[in-house]
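> below are the sequence and a predicted model; questions follow.
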Amino acid sequence: MNAWQYPFEFLKCQELRSGVKEPRLLSLILQNGDFVLGVLATPDAVVSRPVAQLSIPINGRFELIQEAEETLLINFSENSVQRIRIKGEKAPELQLELQDDDRTNLFLTQLKSAQEEAALKLKSKSMEPLPPNAHRSSVPVPPQRAARTMNAGRSAANQPASSSTLETSINNSTSTNLNTDPVQSLASDFGFEQNFSHALKVEEKKNHQNRITATREPPPVPSLPPRKTSSAPTNPVPPAPIMKSKATSSLGFDTSAISGAKPETLPWCDSPTSNSMRDTVFLSHTGQRENLLKHIMSKRENEYVDIKYFRFFVGTWNVNGRSPDSSLGPWLSSDREPPDIYAVGFQELDLSKEAFLYMDSSKEQLWIDAVERNLHPKAKYKIIQIIRLVGMMLVVAVKKIHVRNIKEVASDHVGTGILGKMGNKGGVAVRFVFHNTSFCFVNSHLAAKLEETERRNQDYKDICARMMFNLPGSPSLSIVKHDVVIWLGDLNYRLFNKDCSDVKRMISEGKLKQLLKFDQLNIQRQTKRAFSDFIEGEINFIPTYKYEPKTDLWDASSKNRVPAWCDRILWRGNKVEQTEYRSHMELKTSDHKPVSSIFNIGVKVGDELRLKKVFEETVRQIDRMENDFLPSVSLSKTEFFFIDVKFRQLQRERFLITNDGQVPCHFAFIPKCNQSQYCKPWLRAEPSDGFLEPKETLEIYIEVYVSKDSVTMLNSGEDIIEDILILHLDRGKDFFLTISGNYLPSCFGTSLETLTRMKKPIREIPITKLIDLGEDSFMDQEKSKVKFLIGDGATNEDRPLKIPKEVWIMVNHLYTKSCDQEDLFQTPGLQEELQHIIECLDTSIPDSIPGCNHSVAEALLIFLEALPEPVVCYELYQRCLECAHDSRLCKQLISLLPRAHRNVFRYLLAFLKELLKHSHNNNLTASLVATLFASLLIRPPPSSASRQTQQDRQKAIDFVLGFLMAGDEE
């Protein structure tokens, strides 16, 4: 071979030398089996085989240093750059400036890959030498060439694996030992080794760097759960560590005891990134066999499990923000027999205003300690999970003798306050598998007040839709995907249209059954508006709310609350027997009384001998099916058109998939090549994968929902309602579903600069005009544009508005009608009203806005959250944090904002200061307002959002707080 191989990639850049920029051309070249970084001083003189003026060997002395990402904040500038420093053997240190684009990131990842390979070669020198016929390492494969590399891997099936870290051994992932025992073979599949190619990892990293997309926000209805990802609200206090137990299969048993396989987590489940090529190559054997095994084993479950009953204690108590002042024994250990498992829920653990926004609570540990001290004395217990969201906390403890049979522990929380940020209402949940039965415990605190029945129903639906549990290597699980679900908490349902004195009289006369006819929860369940699938035991105790604290006396305050059964425990599932349902009048700490229930629940306990027999039979059955039949399905529809798609409004269409073959089959929607998700962010399929028995038909919904994370691209025309879904059939063919539709633009998700130039509602402006308005809305260009518009020659038609009309309409409504509204910006709006408000602002310039004050307030927050560039621009975010301690510097920073941003900031702060003058009525505090609005006005750039610390958040709060506490100006 030639000493020099043709470089597979060039990259133009500039060298920074003594403050002067000089053009350079970088090339990554393979020379005699080793990589070299070539630096050319004359990029324009490139020929087919250039000779570098500087050649830097990529070896152990090579260093590539990227400047800290904090200095590379996204500012929506077209000329964003990256700076790197390169050190190497026999070469001066170079400081280079590169364009921040896809090509640069690809080149850098390839360069790092070559550096990693060089390090591996150095390490391998001390190891056993490779066989003489081992392959020479190849050039790092760019993602666009991944398909050819995989094909080449297949053709070289009989050759030894390369030692290069830049290649993946496909032979090992696709070959099987046909001479081994089928059980051993399948268990080996369960321990399937790494099968992500390096090229795919490079592409995943590049996509993450170049386009960080936030997680999908929660939908307004329960039928559209959010995409779960890494971005759920940060838990205020990390949950107690999940116990580490022996790895088990999803069958509920340790399959290593049967097959001899190592009980390890499947390495191919570590990353969510996937594509159809990888699925075809790597999952065609192992993944299909494992999925099919799980499916058939679950169908034959009755052949290897027995039902054994265990005792569960479930308790709930709204503690009214108070600390424990007496023993919890009368509540937690009042029974003669100790329970096997405890699930203890609290509400209103902390009532401080600041705690509503995920602040830490000093009272959490006090109540945890009180629970641990008062668990039943006849048994020893271990807490397996604790989760808290502001005032809601759930503690799950099990007998120590059962700990080894608890697995797959996970937790999640959902705030149903405004924007999902206010955690004063919502739910926390813990799920786990006990032996072979899955359990989910949900502790919730729903909306208060007699007249807010619909809000309570909405909170329930929101929790059902958004509560998702993520387990490594498994699809997300919703609440209902469990064998047994127990829902506890302060559900806050009241007695409908009953006079307080009448209620107290009927209670004293023991007429509880008559009173329960007016119970809102019972009425909602009967009309199937909430909790329709849940069961509640007979209530034989008096209402648990509202009492004078420290007494058994009913509320004597001026509000004279009507007694109600606010605190409830419901369940769904089979083989659940409730033996006790009671309140505990002995505990008088709070204005609520604690409630508890004892359940005897049938749990599926496996017999390992029978399991082994069924396991082996199933493996042989799978072998026969693979040899004799291929799967086949038919789809009732493959083209879908969605009419008039709007921001935050769900649209759904359905189709049927039928297994018309002779064997069970597994289907899944898979990503297209070089994409990490199977669809665009505004689209999803439910369910996205599943199993079908022969002749079975399943209904699949295609759902379109435009959230804050996708609305800007659609508004600007950079994205359209078009996508193709790939429905992959294991061992079968792929089906292609065409998705299309028309989108109606919204002022929500449109930049402030664009909105100030729009004198008409956004729906009356042609899309081409919208694109023109949006193209020059970046910060630097806005400054020059505004100077032009306000010049001597500018007409009234050209002159932009001082603030967007939509902001003025919402703020003016709140200023004139809502200053004295109780719990303003703390009570969420109604979803139906929010949709009407958004539609009204998109289609008209209304004199008044439809909906209640709480809905208008939340609409304003949604508007600010959806802005593509926050009010305090990304470019100034770091400076904002740095000057938060100095009011003079803060004012100077605001003066640097573009005109529209500066005006909106000053206008909003003036309005918020006016609201605080009415705090005695609206219950707002400066700290609460600053905490809520700082998270919307001052947001970190997307590239650094995941690194935002609590200290950064506090500085942003201090920045806003300084303006709120300052005297009136201007």
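Thanks, I have it.
> averaged pLDDT, the longest helix seen in the chain. What do you get?
The residue-count maximum for a helix in the chain (DSSP state H) belongs to helix 102-124. On average, the pLDDT along helix 102-124 is 80.
> with stretch 441-451 instead?
Here the average pLDDT along stretch 441-451 is 94.
> ok, now stretch 13-24?
Average pLDDT, stretch 13-24: 81.
> which outside residues touch it?
12, 25-26, 39-41, 43-44, 83, 94-99 (CB atoms under 8 Å, 6 or more residues apart in numbering). Where you see a C-beta, it was placed from the backbone N, CA and C, and this is true even at glycine.
> start and end of it, how far apart?
5 Å (CA to CA, to the nearest Å).
> any buried residues in that stretch, and which?
Residues of stretch 13-24 classed as buried: 13, 14, 15, 24 (neighbour count, 16 or more other CB atoms under 10 Å).
> so how far is that stretch from its chain's centroid?
Using CA atoms, centre = their mean, to the nearest Å, the mean C-alpha position of stretch 13-24 is found 42 Å from that of the whole chain.
> show me which pair in the contacts of stretch 13-24 is furthest apart.
Using CB to CB, the two most remote members of the contacts of stretch 13-24 are 44 and 83, lying 22.9 Å apart.
> neighbour-wise, which of those two wins?
The residue with more neighbours, out of residue 44 and residue 83, is residue 83; 18 against 8, by other CB atoms under 10 Å.
> so the more buried one bridges to which residues?
Under DSSP bridges, the beta-bridge partners of residue 83 are residue 97.
> surely it meets residue 100?
No - at 9.8 Å, residue 83 does not count as touching residue 100 under the criterion of CB atoms under 8 Å.
> where does the chain dip in pLDDT?
1-9, 18-19, 42-53, 67-80, 124-288, 352-360, 420-422, 627, 767-798, 968-970 (pLDDT under 70).
> quick one: residue 490 from residue 592, how far?
Separation of residue 490 from residue 592 (CB to CB, to the nearest Å) stands at 7 Å.
> which neighbours do these two share?
Common contacts of residue 490 and residue 592, defined by CB under 8 Å, 6+ apart, comprise 318, 545, 566, 567.
> burial measure for the third one, as a count.
I take that to be residue 566. 25.
> list the residues that contact it.
By CB under 8 Å, 6+ apart, the neighbours of residue 566 are 318, 490, 491, 492, 493, 494, 543, 544, 545, 592.
> my read: the third one touches residue 456, true?
Spelled out, it's residue 491. Yes - contact criterion CB under 8 Å: residue 491 and residue 456 qualify, at 6.9 Å.
> which residues do those two both contact?
Contacts common to residue 491 and residue 456, judged by CB under 8 Å, 6+ apart, are residue 446.
> ok, back up a step: neighbour-wise, which of residue 490 and residue 592 wins?
residue 490 (27 against 24).
> and the helix or strand containing residue 64, what does it pack against?
Residue 64 belongs to strand 63-66 when assigned by DSSP states H and E. Other elements packing on strand 63-66 under the criterion 3 or more CB pairs under 8 Å, 6 or more residues apart in numbering; DSSP states H and E are strand 81-88, helix 102-124.
> could you rerun that using 10 Å?
strand 81-88, strand 91-99, helix 102-124 (3 or more CB pairs under 10 Å, 6 or more residues apart in numbering; DSSP states H and E).
> nearest to residue 917, of those?
Going by CB to CB, the one of these nearest residue 917 is strand 81-88, 47.3 Å.
> distance of residue 924 relative to residue 859?
Per CB to CB, residue 924 is found 18 Å from residue 859.
> what does residue 806 give?
9 Å.
> and residue 551, by the same measure?
Relative to residue 859, and taking CB to CB, residue 551 is found at 43 Å.
> tell me which of those two has more neighbours.
residue 859 (26 against 10).
> identify the residues contacting the more buried one.
Contacts for residue 859 (CB atoms under 10 Å, 6 or more residues apart in numbering) come out as 748, 806, 809-810, 813-814, 829, 833-838, 840-841, 849, 851.
> and if you look at residue 595?
Residue 595 neighbours (CB under 10 Å, 6+ apart): 314-318, 331, 345, 488-490, 539, 541, 544, 565-569, 581-584.
> for stretch 878-886, measure first residue to last.
Per CA to CA, stretch 878-886 runs 14 Å from first to last residue.
> what comes up buried for that stretch?
Going by 16+ other CB under 10 Å, stretch 878-886 has these buried residues: 878, 879, 880, 881, 883, 884.
> contact partners for the third one?
Just to be clear, that refers to residue 880. Here residue 880 is in contact with 872-873, 889-890, 893-894, 934, 937-938, 940, 952, 955-956, 959-960 (CB under 10 Å, 6+ apart).
> which of those residues are buried, as a PyMOL select command?
Buried subset of those, written as a PyMOL selection, criterion 16+ other CB under 10 Å:
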select buried, resi 872+873+889+890+893+894+934+937+938+940+952+955+956+959+960
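> which among the contacts of residue 880 gets closest to residue 387?
Using CB to CB, those come closest to residue 387 at residue 952, 24.5 Å.
> that closest one touches residue 941, doesn't it?
No - between residue 952 and residue 941 there is no contact under CB atoms under 10 Å: 11.9 Å.
> report the buried residues of the strand ranked longest in the chain.
Longest strand in the chain by number of residues (criterion: DSSP state E): strand 305-318. Applying a neighbour-count criterion of 16+ other CB under 10 Å, the buried positions in strand 305-318 are 305, 310, 311, 312, 313, 314, 315, 316, 317, 318.
> cool, stretch 385-396 as well?
In stretch 385-396, counting by 16+ other CB under 10 Å, buried: 385, 386, 387, 388, 389, 390, 391, 392, 393, 394, 395, 396.
> mind giving me a markdown table with those residues and columns for secondary structure?
As requested, the buried residues of stretch 385-396 are exported to a markdown table (DSSP: H, G, I helix; E, B strand; the rest coil):
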| residue | secondary structure |
| --- | --- |
| 385 | strand |
| 386 | strand |
| 387 | strand |
| 388 | strand |
| 389 | strand |
| 390 | coil |
| 391 | coil |
| 392 | strand |
| 393 | strand |
| 394 | strand |
| 395 | strand |
| 396 | strand |
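> distance to residue 646 for these - can I get that in a markdown table?
A markdown table is the format used below for the buried residues of stretch 385-396 (distance: CB to CB, whole Å):
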| residue | distance to residue 646 |
| --- | --- |
| 385 | 40 |
| 386 | 41 |
| 387 | 35 |
| 388 | 36 |
| 389 | 31 |
| 390 | 32 |
| 391 | 35 |
| 392 | 33 |
| 393 | 38 |
| 394 | 37 |
| 395 | 43 |
| 396 | 41 |
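> tell me which of the residues you listed is nearest to residue 718?
residue 389 (35.8 Å).
> just the element for residue 741, please.
Assigned by DSSP H and E, residue 741 falls in strand 734-743.
> can you dump the C-alpha atoms of that strand in PDB for me?
Extracted in PDB, the C-alpha atoms of strand 734-743 (Å, rounded to 0.1, in the frame of the first residue of the first chain):
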ATOM      1  CA  ASP A 734     -41.400  -3.400   7.000                       C
ATOM      2  CA  PHE A 735     -44.600  -1.300   6.500                       C
ATOM      3  CA  PHE A 736     -44.500   2.400   5.700                       C
ATOM      4  CA  LEU A 737     -47.200   4.700   7.000                       C
ATOM      5  CA  THR A 738     -47.500   8.200   5.500                       C
ATOM      6  CA  ILE A 739     -48.400  11.000   7.800                       C
ATOM      7  CA  SER A 740     -49.400  14.400   6.500                       C
ATOM      8  CA  GLY A 741     -51.600  17.400   7.300                       C
ATOM      9  CA  ASN A 742     -51.800  21.200   7.400                       C
ATOM     10  CA  TYR A 743     -50.700  23.300  10.400                       C
END
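> any idea which helix or strand comes after that strand?
By DSSP H and E, the next helix or strand past strand 734-743 is helix 752-756.
> show me what that following helix is packed against.
helix 767-775, helix 779-789, helix 805-817, helix 899-916.
> list the buried ones in the third one?
Of all the residues in helix 805-817, those buried under the rule 16+ other CB under 10 Å are 805, 806, 807, 808, 809, 810, 811, 813, 814.
> turn those residues into CSV, including distance to residue 765.
Listed next are the buried residues of helix 805-817 as CSV, based on distance: CB to CB, whole Å:
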residue, distance to residue 765
805, 13
806, 13
807, 18
808, 18
809, 17
810, 20
811, 23
813, 23
814, 26
